[in-house]
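A.B. asks: just coords:
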Ligand SMILES: Nc1ncnc2c1ncn2[C@@H]1O[C@H](COP(=O)(O)OP(=O)(O)O)[C@@H](O)[C@H]1O
Ligand SMILES: [Mg+2]
């Protein structure tokens, strides 16, 4: 079953056509990379899929239901969530508190004036487990704003995972990271894919990561879908080499 279907999606900004007639299907549990030169329309595609603004034309289905007009929070509740090119966390709170807030929101507990002791313990257990998943247990008591960039991104991923998504949209998850941080993020993406079966659509520039991790790759260029296929299909595609890989070499 497709978890996400785009059917003939277009989006214009004034006279600029940021996306033209894009159709694509992402299968349940699939790990899909979205690539293309700057200005290709990658972030716009994320904005459309995650409900930040509507397509000018076309239809988007999540788990085979139209998501037309649904705001981002509604989509989060349904199991689709995104991260941004710039990390969004509470800098003044600790790592633990950041994840705790996300967890309480996920459990619908954030609006209650107080929590029972058993509920508190349940939340604490979940937060501890999440800290282990993203490998931040040692930094739990540190203020998030003081962490290295890569660790801040992991906090953000932990907050997103607290909402228990079936589809994650990651906008350049390794942007600005060194080799070691990139490796940790890549390992986490792989883990979430293999162990939790979370489908992911991720925007990435680093070809090594893309070819290493992705099941399939979609290439955008100038708002058009240029190519789609397995890493070996894409690496051998002459159009892609001309439009994109060539500029990287
Ligand atoms: N909110 C917006 N208003 C006007 N133009 C936009 C907006 N968002 C994106 N664009 C334009 O759409 C094109 C695609 O941008 P974007 O989706 O950010 O590309 P990418 O993420 O692939 O670099 C660019 O020409 C960009 O300037
Ligand atoms: Mg972008």
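C.D. replies: Nice, I can see it. None of these values were measured; they are calculated from a predicted model. Ligands and ions are numbered 1, 2, ... in the order given.
A.B. asks: what about the spatially closest residue to residue 5 that is not a sequence neighbour, how many neighbours?
C.D. replies: Ranked by C-beta to C-beta, 6 or more residues apart in numbering and with sequence neighbours excluded, the top spatial neighbour of residue 5 is residue 61, at 4.2 Å. In this view, the C-beta of every residue, glycine as well, is placed from N, C-alpha and C. Residues near residue 61, counting by other C-beta atoms under 10 Å, number 16.
A.B. asks: do the same with residue 134
C.D. replies: Neighbour count of residue 134, defined by other C-beta under 10 Å: 24.
A.B. asks: Check whether the helix or strand harbouring residue 18 comes near ligand 1.
C.D. replies: In this structure, residue 18 is located in strand 16-27 according to DSSP states H and E. Yes - contact between strand 16-27 and ligand 1, assessed by C-beta under 6 Å from any ligand atom, occurs at 16, 18.
A.B. asks: quick check: mean pLDDT across that strand?
C.D. replies: Average pLDDT, strand 16-27: 98.
A.B. asks: What strands flank it, and is each parallel or antiparallel?
C.D. replies: Using DSSP bridges, the strands paired with strand 16-27 in its sheet are strand 2-13 (antiparallel).
A.B. asks: And the contacts of the strand it pairs with?
C.D. replies: With C-beta atoms under 8 Å, 6 or more residues apart in numbering as the test, strand 2-13 has contacts from 17-30, 41, 44-45, 48-49, 53, 55-64, 80, 166-167, 199, 201.
A.B. asks: For residue 192, give me its contacts.
C.D. replies: Contacts of residue 192 (C-beta under 8 Å, 6+ apart): 161, 168, 198, 200.
A.B. asks: What sits closest to the second one if chain neighbours are left out?
C.D. replies: Read it as residue 168. residue 200 (4.7 Å).
A.B. asks: how about the one you found, phi and psi?
C.D. replies: Main-chain torsions, residue 200, degrees, to the nearest 10: phi -140, psi 140.
A.B. asks: Would you mind confirming that it is in contact with residue 171?
C.D. replies: No - in this structure, residue 200 is not within contact of residue 171 by C-beta atoms under 8 Å, at 11.5 Å.
A.B. asks: Bridged to the residue nearest to residue 215 when sequence neighbours are not counted, which residues?
C.D. replies: Spatially, and ignoring its direct neighbours in sequence, residue 215 is nearest to residue 31 (4.8 Å; C-beta to C-beta, 6+ apart). In this structure, residue 31 bridges to residue 200 when assessed by DSSP bridges.
A.B. asks: Wait, residue 31 touches residue 189, no?
C.D. replies: Yes - assessed by C-beta under 8 Å, residue 31 is found in contact with residue 189 at 7.3 Å.
A.B. asks: Now the common contact residues for these two.
C.D. replies: Common neighbours of residue 31 and residue 189 (C-beta under 8 Å, 6+ apart) are 200, 202, 213.
A.B. asks: just those residues now: which is nearest residue 68?
C.D. replies: Nearest to residue 68 among the shared contacts of residue 31 and residue 189: residue 200, at 23.1 Å, using C-beta to C-beta.
A.B. asks: residues contacting that closest one?
C.D. replies: Contacts of residue 200 (C-beta under 8 Å, 6+ apart): 30, 31, 32, 167, 168, 169, 170, 189, 192, 193.
A.B. asks: Could you do residue 168 as well?
C.D. replies: Neighbours of residue 168 in contact, by C-beta under 8 Å, 6+ apart: 81, 82, 83, 160, 192, 198, 199, 200, 201, 202.
A.B. asks: and those, which of them are in helices?
C.D. replies: Secondary structure defined by DSSP state H assigns 160, 192 of the contacts of residue 168 to helices.
A.B. asks: Would you convert the contacts of residue 168 into CSV that also reports pLDDT and distance to ligand 2?
C.D. replies: Formatted as CSV, these follow (pLDDT from 0 to 100; distance: C-beta to the ion, whole Å):
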residue, pLDDT, distance to ligand 2
81, 93, 18
82, 91, 12
83, 86, 12
160, 92, 18
192, 95, 22
198, 97, 22
199, 97, 20
200, 97, 16
201, 97, 13
202, 96, 12
